[in-house]
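**Q** Any chance you could fold what I've pasted below:
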Amino acid sequence: MGKTFAEKVLARKAGLTDAAAGQIVEVTPDLGMSHDNTAAIRRIFARLGLDRVKEPGRFVVILDHVVPAAQVQYAENHKDIREFVREQGIRFYDVGRGICHQVVVEEGLARPGDLILGADSHTTTYGALGAFSAGIGRSEMAALWATSKLWLKVPTTLRIELSGRLPELVCAKDVILYLIGKLGADGALYRSVEFAGPLVEGMPISERLVLSNMAAEMGAKSGYIAPDEVTFEYLKDRAQGDYEPIYPDPDANYEEVLRFDLSDLSPQVACPHTVDNVVPIEEVAGKCVDQVLLGTCTGGRLSDLRLAAEVMGGRPVAEGVRMLVLPASREVYVKAAEEGLLKKFAEAGALVLNPGCGPCLGAHQGVLAPGEVCLSTSNRNFKGRMGSPEAEIYLASPAVAGATAVTGEICDPRSLS
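**A** Modelled structure (predicted):
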């Protein structure tokens with residue numbers, strides 16, 4: 001029986017000739033990533049009695065969660081992090097560079113065949129480039145700083161094969177919401193998910209990243225897409241160093257193989273207060289909103305901004321609605337400005353904010369008051385996620401966000417075309 005991608009990559013990173021699902025292996029990652037939580041990780045690291053990170057070149061720190069600092073405590077943490085990375089010689093991207101998951105990809109730090117471990121649950125994002133990437137805890141990251149090694153359990157693998165051609169104004173966000181709705185929030189718990197099939201192969205990197213990112217919302221350890229010419233072309237002038245892609249064997253032993261033809265998929269919406277509470281947009285159309293968030297690591301890329309602006313079609317943001325636009329990175333921000341997208345949003349009455357996570361984590365830049373309703377392109381809608389636990393968060397695509405912003409209610413973007 002052949003091997004899955006997870007079995008092959010973790011065997012290689014453990015220095016073994018073979019590994020099987022369920023086996024515990026000691027691996028050395030190619031990259032370890034942390035963000036604003038680096039300050040807390042540093043305190044754990046200090047309790048180990050160590051002064052120096054063993055191999056600082058293996059790590060990157062990106063400030064993105066509360067940027068610029070909204071309170072003194074955040075400013076103190078940022079100051080602490082800046083001092084630490086300077087002392088240790090760790091690669092560092094300060095406030096304004098962008099969301100960690102977008103920056104790692106743009107900077108060519110995620111490559112096919114890599115093992116990437118990050119102190120953030122959505123580290124699964126880099127599987128879109130053919131890496132095995134997984135979220136870990138703060139204590140585990142501190143241990144990686146100390147030893148460059150970590151124990152991992154080789155996961156079983158769920159293969160999801162997608163076919164068909166998506167209808168107009170339906171995109172990867174709709175696809176992954178539909179899958180999460182079908183599988184449930186624990187449908188891929190500690191499994192490696194392989195996304196495959198002609199529908200996936202036809203997606204650009206920006207769309208593939210959405211699938212891998214939100215694999216975390218079905219409990220997955222990683223979300224892999226086999227690297228191909230689309231991947232290699234994207235990395236041609238970005239990849240930091242050489243890489244060696246790893247592919248599953250044709251006769252790999254999958255725990256389960258699921259197949260979906262999505263030719264008739266409609267825009268999908270995740271309703272409060274769980275990501276797997278997913279319905280077709282027809283079931284929630286007309287729900288009035290107070291805020292629309294266009295951005296985050298699942299909706300702030302250049303293609304997302306273009307799509308939302310296209311749907312808005314020069315219409316103004318509806319009266320009584322706040323529309324927040326957060327490009328995922330400085331690179332996206334600059335390109336969006338060059339294309340005139342930011343001007344279009346501003347003229348429509350939207351508030352264009354700096355690159356970063358913004359209100360997604362409920363710390364600043366647009367938290368919700370009790371009773372308010374937000375339509376967001378982000379990846380989580382837990383109670384209290386974006387402010388008051390008495391607020392409601394609906395998750396949808398950039399196209400739905402654009403339509404909702406100009407109508408003031410959850411709106412099928414196809415009705416405006």
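**Q** excluding its backbone neighbours, what's nearest residue 235?
**A** In this structure, residue 235 finds its nearest non-sequential neighbour in residue 108, 6.2 Å apart by C-beta to C-beta, 6 or more residues apart in numbering. The way it works is simple: take the backbone N, C-alpha and C, and place the C-beta from them, glycine included.
**Q** Can I get stretch 9-18 in PDB? Just the C-alpha atoms.
**A** Backbone C-alpha positions of stretch 9-18 (Å, rounded to 0.1, in the frame of the first residue of the first chain) are rendered in PDB as follows:
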ATOM      1  CA  VAL A   9       6.700  14.300   4.500                       C
ATOM      2  CA  LEU A  10       6.800  13.500   8.200                       C
ATOM      3  CA  ALA A  11       9.000  10.500   7.600                       C
ATOM      4  CA  ARG A  12      11.400  12.700   5.700                       C
ATOM      5  CA  LYS A  13      11.400  15.500   8.300                       C
ATOM      6  CA  ALA A  14      12.000  12.800  11.000                       C
ATOM      7  CA  GLY A  15      14.900  11.300   9.100                       C
ATOM      8  CA  LEU A  16      13.100   8.000   8.600                       C
ATOM      9  CA  THR A  17      12.700   5.900   5.600                       C
ATOM     10  CA  ASP A  18       9.000   5.200   6.400                       C
END
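**Q** if we look at that stretch, which residues are touching it?
**A** Stretch 9-18 is contacted by residues 3, 7, 19, 25-30, 113, 115, 132, 152, 154, 246 when judged by C-beta atoms under 8 Å, 6 or more residues apart in numbering.
**Q** buried subset of those?
**A** 3, 7, 19, 25, 27-30, 113, 115, 132, 152, 154, 246 (16 or more other C-beta atoms under 10 Å).
**Q** Name the residues that touch the helix ranked longest in the chain?
**A** Scanning the chain for the helix with the most residues, using DSSP state H, yields helix 72-88. Residues outside helix 72-88 that contact it (C-beta under 8 Å, 6+ apart): 36, 38-40, 42, 52-53, 56, 61, 63, 66, 69, 90-92, 94-95, 363.
**Q** Just the buried ones from these, in ChimeraX syntax?
**A** Buried residues within these, by 16+ other C-beta under 10 Å, are selected in ChimeraX with:
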select :36,38,39,40,42,53,56,61,63,66,69,90,91,92,95,363
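**Q** quick one, helices of the stretch 251-400 of the chain?
**A** Secondary structure of the stretch 251-400 of the chain, counting by DSSP state H, counting those that start in this stretch: helices at 302-312, 330-338, 341-348, 398-407.
**Q** Would you tell me which of these gets closest to residue 277?
**A** Closest approach to residue 277 among the helices of the stretch 251-400 of the chain (C-beta to C-beta): helix 398-407, 15.8 Å.
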